[in-house]
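> Fold the following.
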Amino acid sequence: MLLNRYSFSRRVGDMSILFGMSESNVSVVCRGFESIVMNRIKWGFQFNTKQFRPENLEGLASAIYDKGAELPNIVGFIDGTMQAIARPSQDHEVQKVFYNGWKHLHALKYQSIVTPDGITSSLLGPYVGSRHDQYIYTMSKTEARVEKYLDIVPDVELPFALYGDPAYMFSKCLYSSFEGVSLSDLDKKINKSMSKVRVAIEWEFGEVQKYFKYSKYKYAMKTGETSPATVYMLSAVFKNMIHCTGRNRSPTSSYFGLEPPTLEEYISGLRRDKIDGEDEDDILF
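Predicted structure coming up:
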C-alpha cells in the first residue's frame with residue numbers, strides 16, 4: 001500500500017477504492033508503516049556500514065578507477081539534493097528559511113553518499129532549503145563519520161575517501177575538484193576524469209524520482225501536515241531495494257560494472273545497531 005502511495009501522487013480516495021478500505025484507514029496504515037520502517041533503519045540509513053566494510057573498499061575504489069578516474073582511492077560520491085515542498089503556512093521568516101534562492105523554491109535538503117554499485121549508502125537530513133552543502137557536511141558530522149566508518153588512520157599515505165563538487169572543502173576524507181584560473185594540466189586532467197564519474201550521484205537522485213514520483217509533488221509535501229522528509233528518505237530506501245533485487249538495473253551499477261548487494265545484505269546493513277559515538281541527536285528526520 002505504501003509503495004502504491006509513493007509511486008505516484010495518488011488521492012487517498014482512489015486508494016480507498018483500490019484496497020477496499022476507508023480513507024482514514026488508508027492514511028493510518030501508510031503513516032503507521034512509515035513510522036515502523038523509519039524506526040528500524042534510523043542508524044543504518046545514516047551510514048550503511050556494511051557497504052563500507054574493509055573487504056569492500058578496494059572493490060569500490062577499483063570500480064571507479066577502472067572507469068578512468070585519476071584518483072585511485074575514491075569509494076563513493078557525496079552531494080546535496082533538494083526536495084521541493086509547498087510554501088510553509090507559517091510567517092514570512094519561516095518561509096524565508098526554507099526558501100532556496102538558487103532554485104527559487106521552498107525546499108528541504110539532504111546529503112547523499114552514493115557508491116558505484118548504485119546504492120545510496122547514506123542519506124542525512126532534512127535541512128532547510130537555504131543551507132549550503134558544506135554547512136550540512138559540517139553539521140551532520142560527516143567528517144567524523146567517514147573517519148570512523150572508512151577506518152581512516154594517520155599513517156596511511158592515501159586513505160580511502162569520498163569525492164564531491166566544489167561546494168565541499170578538501171580534507172583527508174573528502175576530495176573535490178581543483179578551482180582557479182591557472183590550473184596545471186594535471187589538475188585539469190583530474191577534474192575532467194572525476195567529473196565524468198561523479199555524475200553517478202545525479203543518476204541516483206533521478207532514480208528516486210523515477211520510481212517514486214510522489215516525493216517530488218511539492219503541493220502534497222507540506223511541512224507540519226505531511227512528512228516530506230519521511231516520504232523522500234523511504235523512497236530512496238525503496239529505490240535501493242529495487243536495485244538490489246536486480247529487476248531494474250541501476251544505471252550507476254551498469255556503468256561501473258559493480259553488482260549491488262543482495263536485498264538481504266542491504267536490509268541487514270540498514271537494521272544495524274547504534275555504534276559507539278553516535279547520538280540520537282544525529283537523527284534529523
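> lowest average confidence, helix or strand, in this protein?
Taking mean pLDDT, DSSP states H and E as the measure, the helices and strands of the chain show their lowest mean at helix 142-149, namely a mean of 85.
> For that helix, C-alpha coordinates in PDB please.
Once non-C-alpha atoms are left out, helix 142-149 reads as follows in PDB (Å, rounded to 0.1, in the frame of the first residue of the first chain):
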ATOM      1  CA  THR A 142      30.200  13.600   8.200                       C
ATOM      2  CA  GLU A 143      33.900  14.100   8.500                       C
ATOM      3  CA  ALA A 144      34.000  12.200  11.800                       C
ATOM      4  CA  ARG A 145      31.600   9.500  10.400                       C
ATOM      5  CA  VAL A 146      33.800   8.900   7.400                       C
ATOM      6  CA  GLU A 147      36.900   8.700   9.500                       C
ATOM      7  CA  LYS A 148      35.200   6.100  11.700                       C
ATOM      8  CA  TYR A 149      33.500   4.000   9.100                       C
END
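> How about residues contacting that helix?
Here helix 142-149 makes contact (CB atoms under 8 Å, 6 or more residues apart in numbering) with 46-47, 49, 52, 78, 111, 122, 124, 137, 152, 161-162, 171, 173-174, 275, 277. For glycine as for every other residue, the C-beta is placed from the backbone atoms N, C-alpha and C.
> Narrow those to those that are buried.
When those are checked for burial by 16 or more other CB atoms under 10 Å, the buried set is 46-47, 49, 52, 78, 111, 122, 124, 137, 152, 161-162, 173-174.
> Can you convert the residues you listed into a markdown table and add a column each for secondary structure, distance to S184 and pLDDT?
Shown next, in a markdown table, are the buried ones among the contacts of helix 142-149 (DSSP: H, G, I helix; E, B strand; the rest coil; distance: CB to CB, whole Å; pLDDT from 0 to 100):
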| residue | secondary structure | distance to S184 | pLDDT |
| --- | --- | --- | --- |
| Q46 | coil | 38 | 88 |
| F47 | coil | 35 | 88 |
| T49 | helix | 37 | 86 |
| F52 | helix | 32 | 86 |
| I78 | strand | 25 | 97 |
| Q111 | strand | 31 | 95 |
| S122 | strand | 33 | 94 |
| L124 | strand | 34 | 92 |
| Y137 | helix | 27 | 92 |
| I152 | coil | 27 | 65 |
| A161 | strand | 21 | 93 |
| L162 | strand | 23 | 95 |
| C173 | coil | 24 | 88 |
| L174 | strand | 21 | 93 |
